[in-house]
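K.L.:
What follows is a predicted protein model with its sequence.
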Amino acid sequence: MEYIQVTSDNIEKEHICCAIAKNNDVQISSKKTWLSKRFEDGLVFLKSTERGKCFIEYIPAENAWNPISAEEYMHIDCLWVAGSFKGHGYSSDLLNACIEDSKNKGKKGLCILASAKKKSFLADPKFLKYKGFQVCDEADNGIQLWYLPFVENATLPQFKECAKHPYTNEKGYVLYYSSQCPFNAKYVPVIEKIAKEQAIQFKTIHLQSKEEAQNAPTPITTYALFLDGNYITNEVMNEKRFLKLLEK
């Protein structure tokens, strides 16, 4: 397998590997706009040269869009290998490339979000454990921060206090999200429309800076849905899932 790094020089012509075929889809344009503004913060997007779901995205932890304290670590936003690409060692290829690059940049280790059991849009804990990652912190909602140190006695990454106890003081549905996940550009308006049609109390908070994301009341900032103050899910809701949720 050959890989290519997406940069400001080639992002317009490169497909960015998510489960979206058309390069001019609003979801892709939204993600590319977000990526383009992160390259100057040290973000790396490495992908297969073949079109498909096979890529890794990582960034210096101080610039990550998550409420974490992980000085001199690299944070993996997403490591996604799926479909026909699974089972060929490509996840290891991408992770090894991230490790080598991070060491060359003087980082003390890697960190990434996951949970005890695999959740959609989060890293597979079995794979992380196999690769030597360990849990270093956990929020009340079960979202965990995993780390892989490069040096002995490295300070453990941890969630900021605002993320350890995910909660909002607002009634009804409250959705925190960012443009880091391309699916939000399509599906957030969908559930906003449903909520309006059914007269359901619903509020969206679009995180548009790393400062906002780093102080959000949730360890996951790509998508975090709350109801009456309590965290519900990080899974992006399409129309069918949201209607099913409302039925409950």
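P.N.:
Arrived safely.

K.L.:
Tell me where the model's unsure across the protein.
P.N.:
17-23 (pLDDT under 70).

K.L.:
can you map out the strands along it?
P.N.:
3-6, 44-48, 54-60, 68-69, 73-81, 109-115, 134-138, 143-149, 158-159, 173-178, 202-207, 223-227, 230-233 (DSSP state E).

K.L.:
want to throw these into JSON lines with mean neighbour count?
P.N.:
The way it works is simple: take the backbone N, C-alpha and C, and place the C-beta from them, glycine included. What follows is those, written out as JSON lines (neighbours: other Cβ atoms under 10 Å):
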{"stretch": "strand 3-6", "mean neighbour count": "16"}
{"stretch": "strand 44-48", "mean neighbour count": "21"}
{"stretch": "strand 54-60", "mean neighbour count": "23"}
{"stretch": "strand 68-69", "mean neighbour count": "20"}
{"stretch": "strand 73-81", "mean neighbour count": "23"}
{"stretch": "strand 109-115", "mean neighbour count": "24"}
{"stretch": "strand 134-138", "mean neighbour count": "17"}
{"stretch": "strand 143-149", "mean neighbour count": "23"}
{"stretch": "strand 158-159", "mean neighbour count": "21"}
{"stretch": "strand 173-178", "mean neighbour count": "23"}
{"stretch": "strand 202-207", "mean neighbour count": "17"}
{"stretch": "strand 223-227", "mean neighbour count": "22"}
{"stretch": "strand 230-233", "mean neighbour count": "18"}
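
K.L.:
Export those to CSV and append columns for distance to residue 246.
P.N.:
Output for these, formatted as CSV (distance: least, Cβ to Cβ, whole Å):
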stretch, distance to residue 246
strand 3-6, 38
strand 44-48, 35
strand 54-60, 32
strand 68-69, 32
strand 73-81, 28
strand 109-115, 24
strand 134-138, 29
strand 143-149, 24
strand 158-159, 30
strand 173-178, 9
strand 202-207, 10
strand 223-227, 10
strand 230-233, 12
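
K.L.:
Please name the residues that touch the residue most central in space within the chain.
P.N.:
A centroid search over the chain (Cα atoms, centre = their mean) returns residue 77, at 4.6 Å, as the residue closest to the centre. For residue 77, the contacting residues are 43, 57-59, 64-65, 180, by Cβ atoms under 8 Å, 6 or more residues apart in numbering.
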